[in-house]
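**Student:** Starting from these lines, generate the structure:
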Amino acid sequence: MRLLSAPLAFTTIFLTLVVVLPGLAGGETAEKTSSESNEAMLSRGKVVFETHLCVECHKDGGNSVRPSKPISGKKFLKKYPEDSQIESVIRNGVPNASMPSFGPAVITEEEMKDLLCYVRSLTRPDPETTEKEKKKQSGPTGKRAGKKAGKKKK
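**Tutor:** Sure thing, here's the model as predicted:
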C-alpha cells in the first residue's frame, strides 16, 4: 500500500469535507445566498486548478507557454464568452501544444463547474466598465434625465 503525499492527502480530506459531507447532510439549502455558493465554488475550483497542475502554466490567469494567450482579461472573455467553449478546450486539450486533455474521468462534471467559476474569476472586473454598468442599472440621472422625465406627452 502506497502512502499519499501530504498535499494530496490534504486535498482529499478537503474535498471530502467540502463536497461529500454536505451532500450527506442534505446538500445546500435555499437559505444559502448565491455569494456563499459562489465563494464555495471558487474555493473548490481553485483546488481543482491546483490539483491538476493548471497553476503551473496559468498562474494568476497567465500563460507561461504562450504569454500572448492568457486565460484572463478582455481578449479571453471575448474569445470564450460561453463556459462550454472553455470546457471544450479543457476536455479536449490543444493539439500540438502543451495543453493536455482532462476528460470526465479526470475532472468530474461538478469539478468542471467549480473550475470554470474559478477560471472566470481570474479576470478582474474593469473598474470603468463596472462603473458604467452601475450607472445603467440605477437608471437615468443628471440634467438630460430630468428633462426627459419632466416632458409630458401631448
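**Student:** Would you confirm that C117 contacts L42?
**Tutor:** Yes. When contacts are counted by C-beta atoms under 8 Å, C117 is listed as touching L42 (5.8 Å). (Each C-beta comes from the backbone N, C-alpha and C, glycine too.)
**Student:** quick one: which of those two has more around it?
**Tutor:** C117 (21 against 15; other C-beta atoms under 10 Å).
**Student:** what's near enough to touch the nearest residue to the more buried one once chain neighbours are set aside?
**Tutor:** In this structure, C117 finds its nearest non-sequential neighbour in M41, 4.2 Å apart by C-beta to C-beta, 6 or more residues apart in numbering. Counting by C-beta atoms under 8 Å, 6 or more residues apart in numbering, M41 touches 113-114, 117-118.
**Student:** Could I get the buried residue list for stretch 88-101?
**Tutor:** Residues 90, 99 are the ones in stretch 88-101 that count as buried (16 or more other C-beta atoms under 10 Å).
**Student:** whoops, I mixed them up, stretch 47-54
**Tutor:** Residues of stretch 47-54 classed as buried: 47-49, 51-52, 54 (neighbour count, 16+ other C-beta under 10 Å).
**Student:** Include secondary structure when you put the residues you listed into CSV, please.
**Tutor:** Formatted as CSV, the buried residues of stretch 47-54 follow (DSSP: H, G, I helix; E, B strand; the rest coil):
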residue, secondary structure
V47, helix
V48, helix
F49, helix
T51, helix
H52, coil
C54, helix
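**Student:** Pick the one among those residues closest to R91.
**Tutor:** R91 has its nearest neighbour among these in H52, at 12.3 Å by C-beta to C-beta.
**Student:** Just confirm F102 contacts N92, I think it does.
**Tutor:** No. The pair F102 / N92 is not scored as a contact, 9.1 Å apart, by C-beta under 8 Å.
**Student:** do you know how far V89 is from I71?
**Tutor:** With distances taken as C-beta to C-beta, to the nearest Å, V89 is found 9 Å from I71.
**Student:** Low-confidence stretches in the chain?
**Tutor:** 1-36, 126-154 (pLDDT under 70).
**Student:** need the strands for it, in chain order.
**Tutor:** Counting by DSSP state E, the chain has no strands to list.
**Student:** Around G45, how many other residues sit close by?
**Tutor:** The burial count for G45: 21, using other C-beta under 10 Å.
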